[in-house]
Each structure stands twice: as structure tokens, then as C-alpha cells.
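> Quick one, structure for this:
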Amino acid sequence: MSASASRSNTTAAALILIMLLSSLIGAFQPEIEVVGESSLFNEDVVLTLAQQGAINLVTGRASTTDFVTTAVPTSGSSNDPGNENNVAINSLALQPSGNVVVAGSLRGAVHFDSLVAVDQDYHNAFVAELTPYGTWQWLSQTTIPLGAADSGAFGLDVTVSSSGEIFLVGVLWNAIEFGTHLEFSNGMSKDGFIAKLDSSGNWKWSTAFGGTGNDDSMNGVAVDSNGDAYVVGAFRDHAYFNNSSYNHQKNEDAFVTKVNRSSGDYEWVSFGMGNYDENGTAIVIDGNDRIFATGYYHGAPVFGSTTLANPGSTAAWIGEMDLDGTWQWVNEAVTTYGAIIPLDITYSSAGIYICGAMSGLIQIDGVAHWANSTGSPGWNAFVGLLHYNGSWNWLINSTGHTQIARGIGVNPLGGVVITGWFDIEDPAFANATFGAHAIINAPYSVFVAGVSPSGQWMWATSVGGPLFDSGTDVMFSSNGKLLVAGQFCLSHDSAGCAMRIDGTLYYSDAFFNGSGFVWGLSTDSDLDNRSDLQDNCPLVPNYNQDDMDSDQIGDVCDDDMDGDGRLNVDDDCPTGVINWNATDWALDADGDGCRDSDEDMDDDNDGVLDSVDDCFGPDTYRNWTANDANDYDRDGCHDTFEDDDDDGDGVDDVDDDCAFAPSTKNWTSSVSTDHDTDGCRDAGEDLDDDNDGVLDDDDNCAKGELGWNSTQANDMDGDGCRDVDEDFDDDGDQITDTWDDCLSGAINWNSSGALDLDNDGCRDTDEDFDDDNDGVADDDDACPRGVLWWISNSVTDNDGDGCKDSGSENGGLGEDTDDDGDGLYDDEDDCPQGVTGWFSTPDLDGDRDGCHDELEDWDDDGDGIREFDSEGNVVDRCPGTPLNVEVDPYGCSAGQADSDGDGVQNLYDNCPDIAAVVGMDDDLDGCTDDLDRDGIIDDVDDCLDSPNAVVVGPDGCTDAERDTDGDGIQDGDELPRCRNTPAEHIGEVDIFGCWDGELDDDKDGVMNADDTCPDTPTAELEDVIDGCGASQRDEDGDGVVDSADLCPWTDSGDSVQEDGCSDAQLFLGRGGDGALSGMMFALIVLAILLVAGGITAAVVIRRRRTEGADSEAPSAAVEATVEEFVEDLDDLQAEDAVVDDDVTTDEHGTSWWEDELGAWWYKTPEMDDWSLFDEG
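Numbers count the residues shown, from 1 in each chain. As a prediction, the model looks like this:
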């Protein structure tokens, strides 16, 4: 295999599967229409009859042997059931040095020419190196530790990195040594492994994987550009990668894993898993680091986000993933009946190739493909090609009894080569057919076959001996040799065995498992008896090796036989002058591959020989054929690209309106033959001689002015005469432009009679908006086709209706019988020339006299009474009096009179002499309403909704409805004491109609507003005067409560000195040698009276203040006593105040008096008592 590719060889499980399916397939073969491979997949390449005949004549070898090297039991070793010595070569890979790496398994005493293996009685994996010429260089193998019985390893696939590092994968069981590295399987079961060697075969590291199942294997390996390895394989139930355990679906699951090149650690694992068996058999990585893997499955496994589904038995899967393990796509080949098992994979520029074994009916991308078409109950080898996007390109298969393809390699010259084995058709021989190539050999022989990139079998050959021989891998060496690896003499039972290759026998003494071989050969892919390396056309028979341009590419496969740079398919002289540059336009103007100077007689390839070609030269248009369509005048100049005068009339095409077929050609344009010089001959060709856009048959000026085109703008009537200088009737209405009021109006009509009433050149039906030319538009003209030759104005047409007011028409009334347009004929209209713009109706003209009531009628109802006098005063009180009714001096009839002037006529007025209040006569009976029927009319009723049958006051309200204080709370809804809330406190009332002053916070029976002491103690509530308890009272208001006031009757305004006494009271109290003053004596007497009998009066007074008018009057005796005492007290004070007659009165009326201490007292006329004068 190549350094970047690997594939999985047939493991024991795959072989068993193929054998089991082989036993079943023949028993069930439905009758299905066979689709031939050539009709489905081989349409891209069609071989010539000569090529096909040459291929069909060859039925034998397509190669010659260069070398055969073997790996066999050591000479003299015992080979019997107790002594098995054998070698199995399973895989090939190419070293960067050009040497070949060989891998497989060995057992016992075996040697590779001079290289002798370690002799152990169990299988060991090995890697060896071989030169391109078949010489063994070195051998490395695994070993089994001492005492580790029942151990072993198989090497299944090998690959090499670009740096020469070698990676081997396979199967081991029990304990295996990779140099100094020891690996164990899990519980004596078979596990997979990967190991790395350097380019000299030294073991670097090894890593095993697996689980408790016995079917864990690594089947294929590939490396990326970084040198990391990627492995494909399968495990059962669960497996360990490093220390991570994966337990997916039951049975077998396929996997792909990345292995670090330095440590051997698994970096990631990706799976293909389902409820049945899935296996990964082969893997390859292309030059763009795209990973492609393949295998087989049953059921419906899942690969990333893709789920496959197979309706039959065993199906194939093929997928691409990136270097991170993400599936990019996965496709399949499903089985309707039978099975398909891919065993190897590779790639080329054409796509991805896979090979293996198939049987029955296969579906690829929905196309049916039938294998084993000869009806033999076995397997066929197949090769398939997929595009890089995952879609199938083609699939082909061999025919015969059984053929198994185990290895595939890319041919550097194109296509691929496969190898494998084929079995018996007859007890004495086996045969197989690969397309047209049949091979025959001993039973179970090796086959090698070539396939073209288009999917055709190119050749086939076989080698073998009497026992089981098989090809296992194939590749091309660095020197172009084909290398085939395999096993021979399997099932040897000591009776002697040899394999024949090109007449040479290669012997093997190995018991049962046979020996290995590598066969180097030179291929002859095209069967022309020249090896591919010596063949100038390796894929196309070229018996004479003709090469006219000496480019080492034979003529039969040379795309450019004469070497001029022009491919044969594009070269008109493919066998002409050789080795010149046909892509140089100076040498080959038309690029036809014929050199202009000596080969090409028509350099521009237009069909006109250069000798008569007007457009001859390297810069002319090329590769066309002159005909009427592209060279109308046949001058050799292409009309579209190089001929400026296609018809040869002397007028360039850009100016020629008749430049192309079927116009007249080969004539000369002049003024006499072509009036407008448009390239169209006037006689017989030009239908518009003056080129004005009007055909001559319709052109009134057919040979008129040039250089213009008739349009609506310059030839309004389209008669071919230019309006500005040729046409005197632009619109063609028979009215000359001088007298035509509609020069740009309707065209081509005859202005006469009914079509144009006023003969102004404007057609009445669509362009004259004043048919009678009276100045009133037809839409507004009541006489649109009326009297001519007058103009409507306020004198001639009072109402502007387009009808002339005066005239002989209509009995002398003129054309207009209603001059003011009010709907009344003039002879019935009292204002025939009156106000216009209205229509006489009873609403606007009450007496229907034709005079507008509001604007011109002084007596609207026609009763003979003016509505207003000259000063604007109302005269007619009844302006709407019916016609012809007798009225009074006020213009009212008997039924219209309204004595009280309230708008209700007396006839309907229940209060004819009392006018109803405006807005309060809902029933229009002439009386002010009393809606609540309480006897108080609404305009003086303060309570309009009083209940029925209740007594109300003069204001129309019941006691409960009334709101005495106007605070918004009816009296019936508020406390009695709150019904007279002062106006200034109305906005402060609560929901009970009370403001704070009407409350009694201290519960003393006195409202807060009247309560001198609003916080009377509860204990004194029984003795309250003016809202004050005994401890709060201050009768003289001097700020000292009575209980502490020695002078409780201090005059208001006096300055209080101490203990409630003023200065005067203190002085009087000190008067005489300490004797009591009259004031003090009076107080004592008052106290005695209060104690002895006056308490009753105090109680009465308190009760009166708390109970109001409902309380009983006090005792008359007590009241008289108190009043008498007060009078005596006033007299006494007056006597005590002035004890001397020395009182003077100043000019202001103020009295002055000096007491015995020299203090001055004064009293103004307004004062009731004396006051001490303070000189300070």
C-alpha cells in the first residue's frame, strides 16, 4: 500500500462471514431484471473498435515477472500437526526511501532469505523491509514472554508516515512483547493493538485496546500529514481506549480512533453503531488530510448524524470524517438480496476506490446492480469508485463461481489494480471472468486484474498451485513495478506443495497455514506487448509506438499529436506541421491548428479564401463561415463584427435602415435614388422616402423636409407635413391655423355644421368647452348650443347661466326666461333681475314672489306689513303669516297672536298674559314649569325634586331638603347645631355639615367656637360658665383665673400688676390707715351673697348657657338681687375712683385728676373709667 493509505485484510471473522453467506445465497435467487454494468457505469469512456478488438483477443497475461521473494519454513524444520511453521503476508506499504514495508504474522521456524525469525510455537506479528528489487533488509517481530502460554498476535495492516515511521495494527491475545514493551489482552480474549517502529524496524511503543469480548480488532491504519495514526476496527459489547470505557449497542460496533504519534494515546474515538453487527475494515487518508473509511453492517447503524438502513443482509458503508473525528458524510451500498463486504480502500484524483466481495442484488444511490450474473452460487470480486462528495460514480464486478478481492492499489499511470483469490468451477480447475478477460488456473488461485478510471476491466492474470493460494495486498513500487503480496500452499497436509509463477515453482513445507510471497512484475495494462514503464501509451494499445512530435507520448494517446499546443479535437491539421505554437494568434489567426503561413488557405476560417477575402489578416474575425446570414454581400467580412456596409450600397450599417437581408444589395445610394440617404432605395424598397416616419402612401409631403421624424409634437395630424414650416392646417380639421382656436386639438376631422357650432376650429364633442362661444363653459351653460355672437356678462346674462336675457326669443323674453335663475319665470317674478345663485322655495321665498326673503324681499310673507322699519326696528311680529290671511297692524293673524311674547301663541298659551321663564317651559304650554308639582314654580323653587304631596316652604323645599347654611348638606342630614354654619366656614364642614367650631371637644355643652375654655376638665363639667370650669374662669379677662384673682372685676384694658389687680385697685386697697376700701368691701359682700344664696343664680346661669332657650328662667328674686348689687358696685367704684373734686378737662375733652400721692389719672370721653397716666 502507499505511504498514506492502508487497508484491512480478510480477518477470520470476515472470512467466516463470507463463507456462511455463500452457503445461503444460492438457495434464494429471485427473478430480477439484470442491469448490465456497462449500461449503468461505463458510459464515460467508449473504446474504438480497434481497441476493443485488441483487448478481446488477449485472454492471458498482462504482465511479466521481475522477481518473486518468499518467506517460508526454515530448511530442515519439522512441519507436521505438532510443528506448525508458517508465514502470512497481509499488507504492504511504501517507505519514503523507496523500500517496501511488509507486515503479517509468522509462527515457528521461518526465514526471509537470510533473515531468520525467532522460533516460537505461537503466532507473532512481524514487520519486514524489502528493496524494490525483492531483497529482504530487516525483520522485526513480536515475541511471547516465557511462561505465557496460549499467547499470540496477527499483524493485519501497516502504513508509513512521510518521515518513515511505521505503524502496525492487528490482533493479540494473552501477553505479547513489542521489543521491550509488554501488552496484555483483557481476560485472555482477543484484543486489538497498534505499535510504532522507526524506519529501521525498532519498536518504539505499543498500545492495546479491547474488552471482555473476544472479537476486538484493529483492521486498518493510516497516517495524516502530521504523522498521527488513525485506526479502523470493531469491538463487541464494550472496550477500553486508554482508561475510558465505551459500552454501546449489543453485538459488534465499528470505530475509528486517532492515536498520538509520540505517546500512542487515543485522542478521540468515533463510532458506527446499531442493534446488529457493524465492522470497520479499511481506512485511508488523502493528501488533504481527509479521512475515508469503509466496512460492513447489518440493520440501521448511526454514524454521527447519519442513519443508514439496509433492507437485506450485509451492506457496505463508506464515509468521510475530519481530523477531529466528525463524520462529514456516510453513504452505503445496500442489499435487496445477497451481501456486499468491502475489504480495502484507496484514493486517486478520480475519487475513492473500494474493493471486496459481493453477491446478489446491490443498490447504489438507487441504481440496481446484479452480481454473480452467471447464476453460480458464490461471490464476485468488485471495484467501486465514489466521488469525493460521497456519491457513487460506478461499480463493476467479476463473474464466475467465487472471486474475493482483498487488496487494491492505485496505478500511477491511471486506474487501479486489485488482487485476491478465486475458487473452483470444476474439481480440476477454477476460472473467472473480468469483463472480456477470462482466466483459468488450479482451484483457489491468485488473481490480479487492472481497472481503468472509467470502470472498465483492462486486463487480468492469475498464478497458483494445487492448494489454496491468495493475493492479500497490491501496490506499485517507487520504480513503477507492481508488487503483489499473498499466501500460498494453505491447507498443506505434508503431501508437498508449490505455487507456479511464470513457469517457476515456489515450494512451501509449511503445515496448514502456508507461506508468504511478494511478487514483483511489470504490467502491460493495454496488452500491446510493451510493459507500462516502456509503453508511450500504457493504457491504450500502441503497437508501433508512433510518436510524430517526439514528446514521448504515443500518437494514439497523445491529445496533441503534432505538438502545436492545440488538442487534436480542436486541430484541423492534427498531423500537419509539428512542434510550433498554434496558440499564438500571429501564427494561427483562427486557432484551427493549421499554420497560416504554409498550411491554412483561409486564415480567418470564414469559408472565403484569403485571395478573395476583403477582411483578410491576423486582426480580422475568425472561425466563421460566410453565408447570407452573416456576410450578406459576400465580401468575406463578417457583417456583425467587421463589415461596416453589409449590403454594399455605400451607406454604413449604422446609418443604413436597409443594411441586412432581404434588402437590396450592391447598389449605390444617392439623392436621386435615396432621397433621405437612409440606405433604402426609394424605388421599390424605401416606403418612407423622406424618413419622417410617415409611409409615402399616407404622406402629404412624401418628398418633403428631411432630418425630422413625425410625432404628435411636430406633426399633430400625422400627415407627413411638418407643422412648423410645411403644414397650414396642423390638426387637419379644415380650419387654417390662423383661425383655429384649437391648433393642438383633435385631428383629422371636418369643422362644419353640427361638429363645430361657432366654427372656431374646436370640435364641440371633445375639445370645445364653450360651443356657442358666449364665455360660459358648456358644463355651466344652460344654453350650451344657444344664440351665437354675444358674450355673457352681468348686463346680458344676469344669472350667468349662458342664456341671453334679452331678445326676440320666447315671445320677447329673450333666450333666458328666468333671468335671475330662481326657478320663477320672469313674467311671474317680482324681482326678475334680482339676486342670483338661489332657487325660490318656501324656505327662502315664503310668499313665492321671486324675491329672496333675506336679501331683497321687504315683506317675506306678503301680508303688506314690512318686517322692519327704516331704522331696523321689527314691524311685522309674525313674519311667517300664511298667504292671503287677514292680519292685525303687527302683521299677525288671529291664530298667530302672542300677548306675553313668550313664543307660545295665545291659542296654545295657558298663561297668555304671563310670559314663561326662558328655558323653563318644557311642555310649551306658555307657563313656567313646576316639575315637582309642589306649588312653587321652577324659577323660584330651590328644591326642584321635592317629593309629591309634601308641604314645602316658600322656597319650594321641605325642612329636610332645605340647606339653611348653604354648606351642601341638607338640614335633614346634619346635626341641629350645625344648620347655621357661618359662611366663612362652609368649606370646612364634615359629612354631618359641621365645622370644627360647631363641635364640643371637651363635652361641656359649649361649642368650640363659643368655648373660652375648650379643654375643661371632666371633674368640672357640672359647674361650667362660658365653657369654663371653676378652675378656668376669669370673669374680668385679665389673665388671672378667678380662684387666684384678688380683683375679679378689673376693668378691661387695665394693666394688671399682681394677683389680678390693677394699679388703681391696689391703690384703693391701700387707701386710709389700712382700712378696707369700698371695692374690697363690695367684694366681700358679693362673696357672702354668692355663698348664702347666689349659688342658685350661678347654676341657673350655667344651665341657660348649655340648654339655650329651652331652659327655665332663673329665680326673679335672685336675679334682682344680683342686678341691684352690680348697680351698687358701679356707684361705689365711681365714688372710690375720684375722692376729690379737683378734676380738670383739657381742650380735647380729656378729664385729669391728681391723687393724694401726686399721681395723675385721666379719662377720655370714650372711657368708662380712669386710668393711671404713665409719664415714662
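> Output the lowest mean pLDDT helix or strand found in this structure.
With mean pLDDT, DSSP states H and E as the measure, the helix or strand of the chain carrying the lowest mean pLDDT is helix 37-41 (a mean of 30).
> got a list of what the closest residue in space to residue 567 that isn't next to it in sequence touches?
Using CB to CB, 6 or more residues apart in numbering and skipping residues adjacent in sequence, the residue nearest residue 567 is residue 559, 5.0 Å away. (C-beta placed from N, C-alpha, C; glycine too.) Going by CB atoms under 8 Å, 6 or more residues apart in numbering, residue 559 touches 567-569.
> separation between residue 559 and residue 540?
Distance of residue 559 to residue 540, computed by CB to CB, to the nearest Å: 12 Å.
> ok, how many other residues are close to the closest residue in space to residue 1026 that isn't next to it in sequence?
Leaving aside its chain neighbours, residue 1026 sits nearest to residue 1012 (5.0 Å; criterion: CB to CB, 6+ apart). Using other CB atoms under 10 Å, residue 1012 has 14 other residues around it.
> quick check, residue 1012 in a strand?
No: looking at residue 1012 with DSSP: H, G, I helix; E, B strand; the rest coil, it is coil, so not inside a strand.
> I'd like the distance between it and residue 1006.
Counting by CB to CB, the gap from residue 1012 to residue 1006 is 8 Å.
> Find residues that contact each of these two.
Common contact partners of residue 1012 and residue 1006 (CB under 8 Å, 6+ apart): 1026-1027.
> which parts of stretch 217-235 are buried?
The neighbour-count criterion (16 or more other CB atoms under 10 Å) identifies 217-224, 227-235 as the buried residues of stretch 217-235.
> Filter those down to the ones in strands?
217-223, 229-235 (DSSP state E).
> Show me which pair in these is furthest apart.
Farthest pair in these (CB to CB) is 223 and 235. Separation: 22.0 Å.
> Counting neighbours, what do you get for residue 1055?
12.
> got the contact list for the residue nearest to it when sequence neighbours are not counted?
Ranked by CB to CB, 6+ apart and with sequence neighbours excluded, the top spatial neighbour of residue 1055 is residue 1062, at 6.0 Å. Contacts for residue 1062 (CB under 8 Å, 6+ apart) come out as 1038, 1047, 1050-1051, 1054-1056.
> In this structure residue 679 contacts residue 670, no?
No: applying CB atoms under 8 Å as the test, residue 679 and residue 670 come out as separate, 11.6 Å apart.
> All the helices of the protein, residue numbers only.
For the chain, helices defined by DSSP state H occupy the ranges 12-25, 37-41, 49-57, 809-812, 1063-1070, 1078-1089, 1095-1107, 1116-1137.
> between those, which gets the lowest average pLDDT?
Of all the helices of the chain, the minimum mean pLDDT falls on helix 37-41 (a mean of 30).
> that older thread, out of the ones in strands among the buried residues of stretch 217-235, which comes closest to residue 623?
The closest of these to residue 623 turns out to be residue 222 (CB to CB; 50.3 Å).
> In this structure the closest one contacts residue 158, no?
No: counting by CB under 8 Å, residue 222 stays clear of residue 158, with 10.5 Å between them.
> Wait, the residue nearest to residue 1026 touches residue 1024, no?
No: distance between residue 1012 and residue 1024: 10.1 Å, which falls outside the contact criterion (CB under 8 Å).
> Give me the most central residue, the protein.
residue 305 (25.4 Å; CA atoms, centre = their mean).
> OK, contacts around that one?
residue 327.
> rerun at 10 Å
Residue 305 makes contacts with 326-327, 330, as judged by CB atoms under 10 Å, 6 or more residues apart in numbering.
> got it, and residue 844?
822, 835, 838, 851-855, 857, 860.
> do residue 298 as well
251-252, 274-279, 310, 312-315, 335, 339.
> let's see it at 6 Å
Counting by CB atoms under 6 Å, 6 or more residues apart in numbering, residue 298 makes contact with 276-277.
> Please determine how far it is located from residue 218.
Look at residue 298 and residue 218: by CB to CB, they are 21 Å apart.
> other SSEs contacting the longest strand seen in the chain?
Counting residues, the longest strand found in the chain (DSSP E) is strand 327-348. Packed against strand 327-348 by the contact rule (3 or more CB pairs under 6 Å, 6 or more residues apart in numbering; DSSP states H and E) you find strand 278-285, strand 291-297, strand 315-321, strand 351-364, strand 403-410.
> hmm, 7 Å instead?
helix 12-25, strand 278-285, strand 291-297, strand 315-321, strand 351-364, strand 403-410 (3 or more CB pairs under 7 Å, 6 or more residues apart in numbering; DSSP states H and E).
> Pipe the contacts of residue 844 into JSON lines and attach pLDDT, neighbour count and distance to residue 989 per row.
Shown next, in JSON lines, are the contacts of residue 844 (pLDDT from 0 to 100; neighbours: other CB atoms under 10 Å; distance: CB to CB, whole Å):
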{"residue": "822", "pLDDT": "80", "neighbour count": "24", "distance to residue 989": "68"}
{"residue": "835", "pLDDT": "87", "neighbour count": "19", "distance to residue 989": "65"}
{"residue": "838", "pLDDT": "88", "neighbour count": "17", "distance to residue 989": "63"}
{"residue": "851", "pLDDT": "88", "neighbour count": "25", "distance to residue 989": "66"}
{"residue": "852", "pLDDT": "86", "neighbour count": "20", "distance to residue 989": "62"}
{"residue": "853", "pLDDT": "77", "neighbour count": "21", "distance to residue 989": "59"}
{"residue": "854", "pLDDT": "78", "neighbour count": "11", "distance to residue 989": "57"}
{"residue": "855", "pLDDT": "82", "neighbour count": "12", "distance to residue 989": "61"}
{"residue": "857", "pLDDT": "77", "neighbour count": "22", "distance to residue 989": "63"}
{"residue": "860", "pLDDT": "73", "neighbour count": "21", "distance to residue 989": "59"}
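> so which of those residues would you say is closest to residue 285?
For these, the nearest to residue 285 is residue 838 (104.6 Å; CB to CB).
> Stretch 1032-1039: which residues count as buried?
Buried residues in stretch 1032-1039 (16+ other CB under 10 Å): 1032-1034, 1036, 1038.
> Compile those into TSV and extend it with columns for pLDDT.
Formatted as TSV, those follow (pLDDT from 0 to 100):
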residue	pLDDT
1032	84
1033	86
1034	80
1036	81
1038	82
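> If I look at residue 45, what pLDDT would I see?
So residue 45 comes in at 41 (pLDDT).
> sorry, that was for residue 641
With respect to pLDDT, residue 641 has a value of 88.
> give the contact list for it.
For residue 641, the contact set (CB atoms under 7 Å, 6 or more residues apart in numbering) comprises residue 621.
> Who is residue 330 paired with across the strands?
Using DSSP bridges, the bridge partners assigned to residue 330 are residue 319.
> okay, now it: neighbour count?
Neighbours of residue 330 (other CB under 10 Å): 21.
> for residue 991, same thing?
As a burial measure, residue 991 scores 8 neighbours (other CB under 10 Å).
> How about residue 72?
So residue 72, with other CB under 10 Å, has 25 neighbours.
> Angles on the backbone of residue 509, please.
Residue 509 adopts backbone torsions of phi -100, psi 0, taken as degrees, to the nearest 10.
> what sits against the spatially closest residue to residue 131 that is not a sequence neighbour?
Spatially, and ignoring its direct neighbours in sequence, residue 131 is nearest to residue 99 (5.7 Å; CB to CB, 6+ apart). Neighbouring residues of residue 99 by CB under 7 Å, 6+ apart: 129-132, 137.
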